[in-house]
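Sequence first, predicted model second:
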4 protein chains.
Amino acid sequence: MNTIKSNDASLRTVTDVHIRYSDVDTMGVVYNVNYFLYFEDARTDFLLKFGMTYLNIHEHGILTPVIESTCHYDRPLFFRDQVQIETSIIQASGVKVSFRFDVCANEETKPRATGMARIGFVDELFQPVNIAHRWPELYRGLMNAYRGIPVNPDDFSEKSLPSVDSAG
Amino acid sequence: MNTIKSNDASLRTVTDVHIRYSDVDTMGVVYNVNYFLYFEDARTDFLLKFGMTYLNIHEHGILTPVIESTCHYDRPLFFRDQVQIETSIIQASGVKVSFRFDVCANEETKPRATGMARIGFVDELFQPVNIAHRWPELYRGLMNAYRGIPVNPDDFSEKSLPSVDSAG
Amino acid sequence: MNTIKSNDASLRTVTDVHIRYSDVDTMGVVYNVNYFLYFEDARTDFLLKFGMTYLNIHEHGILTPVIESTCHYDRPLFFRDQVQIETSIIQASGVKVSFRFDVCANEETKPRATGMARIGFVDELFQPVNIAHRWPELYRGLMNAYRGIPVNPDDFSEKSLPSVDSAG
Amino acid sequence: MNTIKSNDASLRTVTDVHIRYSDVDTMGVVYNVNYFLYFEDARTDFLLKFGMTYLNIHEHGILTPVIESTCHYDRPLFFRDQVQIETSIIQASGVKVSFRFDVCANEETKPRATGMARIGFVDELFQPVNIAHRWPELYRGLMNAYRGIPVNPDDFSEKSLPSVDSAG
């Protein structure tokens, strides 16, 4: 079905998706746009499980806009399906990171859908920043997750957060 | 910015987007997922302006699920932006059709974002159908729009609708 | 805080709410409109736990539009809150039923918000129907839940579903 | 149908609502929760037309959470309906303001639905503030709108904005 490359080395998370009644569309299946909401939760969960949160990131003057997102829909999801998303990193650098999402239902081996999101790092004026310099600990965390190296929670301790003053 | 191919030959529509206050996210810009809602309206508008409606399509036993969707985000949209989407067909056959969407703001020449949606034709059991056989008038309409041949409204007159009995 | 009456007799359900990242608004708290999505899930869960589903209802030609909905917001919900909704029936008749929702977080005793939804029973032309005549088993189930009488699952067995032909 | 009081004295706005294809639910009508999104736009439009914007308000350290919202649904809205919301103020004080919304379609005299939203004024810690003291110009604007006294745009000139330093 899909042409979104995988990266078997990456750390992986499995995130439960709770389908809301309002997620279902006039065709009786989960409305295609909602998959992107699920991806966002899966991505947040991935970062959280490896010690990073959007909140922390934003508090330090770095925004993380989506710069590309894609979903390939193979078979529909129904209200009663038990849905899980498997998340991995398929590309990472100091200026952006790309996630792959496999949308699985009811423990089937073949995903119902597969998606991708590319996230950029920018400052509050939406200018690109390189986190390898701006926040080396976050950079190291993402690169480790990408390569499958378990993240050391100490990398994301309070002391590792850059102060806003020194940022830049 | 983007790699979504264009098709200069296609008929084109320009659809106004009305940004809702609730469309704006915690970063102060239009939430990335909402672009896909705008695309759906732009697509509906495209079909409507050329005499086709989803309602008509569904009433005749053909569903039109999205099988792939993509958005490349270049610069963010703000609440006060005047947004228009330019829609064209970049690929068409009897079993699927692909639309391209250019998201333009405030009459700027460069789009803020560009997207794509590939739609399949299936029956109520989500099995693919070929509209070239199942509903030749719709097929002809899409192919004409793809090639830039103005659609003749008579192609979509009541008499052209396939009856449910003869469908298949 | 609120003036939505309670009915201590009613059967009650507790439904977990999973807050999505996209549920949070520009003020950093759960966007007020989303509470109504949570209410719908809580209501669906209530009916499901007592043997009734919207799907079954709709399949038998009865629609259940919301005819009134209300929410009193006391204190905001944050992304990390563990949220549960306690649902009960505060009014029931053959033509409509009203639910009360208490939105609780982190096992606090005082709800963060309290809501109400009144649902009508109509046919496919949106004309009111009286389920006491049209579907006595559903009526009995709701009245029992309202009065706190445990529902007998056999009341909602396949044989109890009215056939579409005999409906009316 | 409804028991939401009116205030004939209030200034009034009429706001166009653009129904999105995704606003329609599985019953083929506009999903009831979306009315609250329309209300928010109608409210923003009301404030904007009388010189006030949420953005200005937020920039000065005052948040405006919804503390109560209600909708009475009389007859459904369909995708093709031309919808307008008439907004007025039905109650106003230094600590909160309540709006009434009449949801009208296709120039019919009887609204399809009627709603209400009560907004509080709080600081960034969600503690109530009295705008009569904190921002007298905003207070005067709301009270004038409530009483039907045309707002003088000069009341909302830049010089009238309280500075963040002096706030409180």
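Everything's here; your move.

which SS state does the residue nearest the centre of chain A fall under?
Centroid check for chain A by C-alpha atoms, centre = their mean gives residue A:43 as the closest residue, at 2.5 Å. At residue A:43 the chain is in helix, as set by DSSP: H, G, I helix; E, B strand; the rest coil.

From residue B:106, how far off is it?
31 Å (C-beta to C-beta, to the nearest Å). Heads up, the C-betas are built off the backbone N, CA and C, glycines and all.

repeat for residue A:92
For residue A:92, the distance to residue B:106 - C-beta to C-beta - is 34 Å.

And for residue A:47?
From residue A:47 to residue B:106 the distance is 34 Å (C-beta to C-beta).

State the pLDDT value of residue A:97.
Residue A:97 carries a pLDDT value of 96.

do the same with residue A:58
Reported pLDDT for residue A:58: 67.

got the residue ranges for the strands in chain A?
A:12-17, A:66-73, A:83-92, A:96-105, A:113-120 (DSSP state E).

Tell me which of the ones you listed approaches chain D most closely.
Nearest to chain D among the strands of chain A is strand A:66-73; the distance by C-beta to the nearest C-beta comes to 15.5 Å.

what packs against that closest one?
Strand A:66-73 makes packing contacts with helix A:34-49, strand A:113-120, strand B:66-73 when contacts are defined by 3 or more C-beta pairs under 8 Å, 6 or more residues apart in numbering or on different chains; DSSP states H and E.

will you turn those into CSV that also has mean pLDDT?
Shown next, in CSV, are those (pLDDT from 0 to 100):
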stretch, mean pLDDT
helix A:34-49, 94
strand A:113-120, 97
strand B:66-73, 97
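
low pLDDT regions in chain A?
Counting by pLDDT under 70, chain A shows low-confidence ranges at A:1-2, A:53-59, A:151-168.

Near chain D, which residues of it? Just list them.
Residues of chain A lying near chain D by C-beta under 8 Å from any C-beta of the partner chain: A:22, A:24, A:25, A:26, A:28, A:31, A:33.

Go back to those residues and keep what's next to chain C.
Okay, of the residues of chain A next to chain D touching chain C (C-beta under 8 Å from any C-beta), that's residue A:22.

Report the two of the residues of chain A next to chain D separated the most.
Across the residues of chain A next to chain D, no pair lies farther apart than A:28 and A:33, at 15.7 Å, counting by C-beta to C-beta.

Which one of these two is surrounded by more residues?
residue A:33 (20 against 13; other C-beta atoms under 10 Å in any protein chain shown).

And for the closest residue to that one other than its chain neighbours, the neighbour number?
Spatial nearest neighbour of residue A:33, excluding adjacent residues (C-beta to C-beta, 6 or more residues apart in numbering or on different chains): residue B:36 at 4.4 Å. As a burial measure, residue B:36 scores 24 neighbours (other C-beta under 10 Å).

and if you look at residue A:7?
Residue A:7: 17 neighbours (other C-beta under 10 Å).

what's the spacing between the closest residue to it other than its chain neighbours and residue A:4?
Spatially, and ignoring its direct neighbours in sequence, residue A:7 is nearest to residue A:90 (4.5 Å; C-beta to C-beta, 6+ apart). Counting by C-beta to C-beta, the separation of residue A:90 from residue A:4 is 7 Å.

hey, what's in contact with both of these two?
A:100, A:116 (C-beta atoms under 8 Å, 6 or more residues apart in numbering or on different chains).

Tell me if I'm right that the residue nearest to residue A:7 and residue A:8 touch.
No - using C-beta atoms under 8 Å, residue A:90 makes no contact with residue A:8, being 10.1 Å away.

Those two: which is more packed in?
residue A:90 (17 against 7).

For residue C:92, see how far away the more buried one is.
53 Å.

and what of residue A:71?
42 Å.
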